[in-house]
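Visitor: got a sequence here, can you build the structure:
(one chain, ligands or ions: 1)
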Amino acid sequence: MTSLRLKSDSPLNNPQFIFGVATSSFQIEGAREARLETIWDKFCEGEGNISDGSNGDIACEHIKLWHQDVKMIAELGVDAYRFSVAWGRVLNQDGSINELGLKFYVTLLDKLNELNIKAFVTLYHWDLPQYLEDQGGWLNRETALAFANYVDVVSRAFSGRVHSYATLNEPWCSAYLGYETGIHAPGLKSKQFGKQAAHHLLLAHGLAMQVLEKNSPNSKNGIVLNFSPCYAASTSEQDITAAGLADDHFNHWYIRPLLEGRYPDLIDDMPDAHKPIIEPGDLSVICHPVDYIGVNYYSRAIYQHCDVDGFKLKPPHDVPLTDMGWEIYPDGLYKLLTDLNDRYQLPEVMITENGAAMKDKLLEGKVDDQDRVDYIQTHLAAIEQAIASGVDVRGYFAWSLMDNFEWAEGYKKRFGIVYVDYNTQIRTLKQSAIAYRNMLLGRTHK
Ligand code: FCB
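Guide: Sure thing, here's the model as predicted:
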């Protein structure tokens with residue numbers, strides 16, 4: 001039976017627990033001509049950057065089809081919809097407002113409010129305007145100030161319509177994948193760039209929090225981070241040290257400054273050439289109190305010792321994988337949440353993304369994605385367990401509402417609970433969407 005179950009005494013059945021679906025601007029909107037060029041438009045033009053050679057020009061045509069998309073969201077019975085605002089759709093290069101673009105989001109927010117769906121707005125989901133990249137992008141401190149200005153414009157215009165803001169989505173991806181390994185836009189490759197971009201992103205977050213506190217004091221304001229809990233490949237001391245080092249570089253590098261105003265201690269041992277430039281006062285801006293931390297979880301990572309960097313990723317072997325090649329490992333979510341809770345004074349936690357790309361087939365109008373249903377069910381169980389162990393988890397968002405542009409993988413990887421036929425733009429609820437809907441509508445308080 002393709003179904004998702006919530007026990008009546010589950011903490012997820014509490015009327016306060018929020019269930020939603022998530023998307024992001026570049027991945028679904030299309031309507032390229034009505035906004036500024038972004039770093040992803042440019043990156044998509046680079047030979048070999050996107051595995052199917054595609055781009056975000058059309059995507060899911062959400063700007064055109066948003067009415068039907070919102071209707072579909074409402075029919076799923078969710079409490080909330082998480083989406084992002086495209087910076088270059090609301091501001092022009094000269095700093096003036098793109099009225100049509102801004103109106104799109106205001107109208108969308110009005111519709112969500114009318115339908116009693118809480119709006120979770122992400123202010124930056126990777127689509128930096130290209131003209132800012134031409135001035136150094138996230139390597140330039142000024143970008144953090146430009147971001148705060150953009151957030152000021154948007155949060156004034158949205159006044160009172162937003163339930164929750166996230167300043168940034170996954171700064172690790174923007175910084176590490178974009179500026180250190182170059183597999184995401186803008187495709188730069190330097191260790192110092194990675195850490196410098198991370199610092200400016202965190203600074204942008206802190207400055208934006210100050211703006212939100214002023215312009216939107218009644219919404220829940222925070223940030224969304226991605227985490228892959230780091231496991232050691234063996235019980236050897238060397239591998240355990242390797243996993244700890246990776247954890248500091250990839251996970252604590254972001255959450256520690258946000259919550260404690262300090263980078264992990266390894267910053268003191270790093271070669272000077274890799275260290276970010278930090279100005280006095282930056283860390284106190286960065287650790288502005290947040291109402292919540294958004295946690296995106298897909299999989300764990302296993303590390304082994306390596307003489308070059310101290311740690312090296314060990315690819316999963318002989319374990320269940322998604323179509324991304326990511327190990328299906330719900331226990332990692334439990335461990336992540338409880339470890340973070342032990343280590344930090346955590347604010348409220350929202351699971352802002354969780355889901356899986358699977359080899360979906362549309363057959364006679366149906367997509368039988370039992371594998372995705374199982375993925376969601378086991379991860380919900382991990383969250384229940386984490387709550388039972390004392391972690392304050394307040395919500396869960398399935399990534400994603402519908403299939404979309406999966407960054408460097410293009411349209412080949414399908415994360416949606418709704419199937420998108422990119423030739424016709426017809427949306428079809430997969431079995432996972434039907435199961436999600438039945439679970440949500442079957443909640444005892446509904
Ligand atoms: C996350 C991104 C999201 C999507 C999922 C699969 O890293 O935030 O846009 O691509 O991964």
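Visitor: next, the buried residues of stretch 190-210.
Guide: By neighbour count on 16 or more other CB atoms under 10 Å, the buried set for stretch 190-210 is 190-209. To be clear about C-beta, it is placed using only N, CA and C from the backbone, and glycine gets the same treatment.
Visitor: send the alpha carbons of it over as CSV?
Guide: In CSV, the C-alpha atoms belonging to stretch 190-210 read as follows (Å, rounded to 0.1, in the frame of the first residue of the first chain):
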residue,chain,number,x,y,z
SER,A,190,40.0,28.3,-4.5
LYS,A,191,40.1,27.4,-0.9
GLN,A,192,40.4,31.0,0.2
PHE,A,193,37.5,32.0,-2.0
GLY,A,194,35.3,29.3,-0.4
LYS,A,195,35.9,30.6,3.1
GLN,A,196,35.7,34.2,2.1
ALA,A,197,32.4,33.8,0.3
ALA,A,198,31.1,31.9,3.4
HIS,A,199,32.1,34.8,5.6
HIS,A,200,30.4,37.4,3.4
LEU,A,201,27.2,35.2,3.1
LEU,A,202,27.0,34.9,6.9
LEU,A,203,27.6,38.6,7.2
ALA,A,204,24.8,39.2,4.7
HIS,A,205,22.6,37.0,6.9
GLY,A,206,23.4,39.0,10.0
LEU,A,207,22.7,42.4,8.3
ALA,A,208,19.5,41.0,6.9
MET,A,209,18.4,39.9,10.3
GLN,A,210,18.8,43.4,11.6
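Visitor: show me how far that stretch is from its chain's centre.
Guide: Taking CA atoms, centre = their mean, to the nearest Å, the mean C-alpha location of stretch 190-210 is offset from the chain mean by 16 Å.
Visitor: and stretch 252-265, by the same measure?
Guide: From the chain centre to the centre of stretch 252-265 is a distance of 19 Å (CA atoms, centre = their mean).
Visitor: does that stretch reach the ligand?
Guide: No. Stretch 252-265 does not reach the ligand (CB under 6 Å from any ligand atom); its nearest approach is 13.3 Å.
Visitor: so which bits of that stretch are buried?
Guide: 252-260, 263-264.
Visitor: what sits up against it?
Guide: For stretch 252-265, contacts defined as CB atoms under 8 Å, 6 or more residues apart in numbering pick out 171-172, 195, 198, 202, 205, 223, 225, 248-249, 283-284, 286-287, 290, 293, 340, 344-346.
Visitor: which of the buried residues of stretch 190-210 come close to the ligand?
Guide: Okay, of the buried residues of stretch 190-210, nothing touches the ligand (CB under 6 Å from any ligand atom).
Visitor: and those residues, which of them are in strands?
Guide: Among those, no residue falls in strands (DSSP state E).
Visitor: what residues does the stretch 251-400 of the chain have near the ligand?
Guide: Within the stretch 251-400 of the chain, the positions lying close to the ligand (CB under 6 Å from any ligand atom) are 296, 353, 399.
Visitor: identify the residues contacting the second one.
Guide: Taking CB under 8 Å, 6+ apart as the contact definition, E353 lies against 22, 224, 226, 294, 296-298, 397, 399.
Visitor: swap in 10 Å and give it another go.
Guide: If you count contacts by CB atoms under 10 Å, 6 or more residues apart in numbering, E353 has them with 22, 24, 82, 169-170, 224, 226, 294-298, 396-400, 415.
Visitor: could you report the pLDDT at it?
Guide: On pLDDT, E353 comes in at 99.
Visitor: report the secondary structure state of G395.
Guide: Under DSSP: H, G, I helix; E, B strand; the rest coil, the three-state class of G395 is strand.
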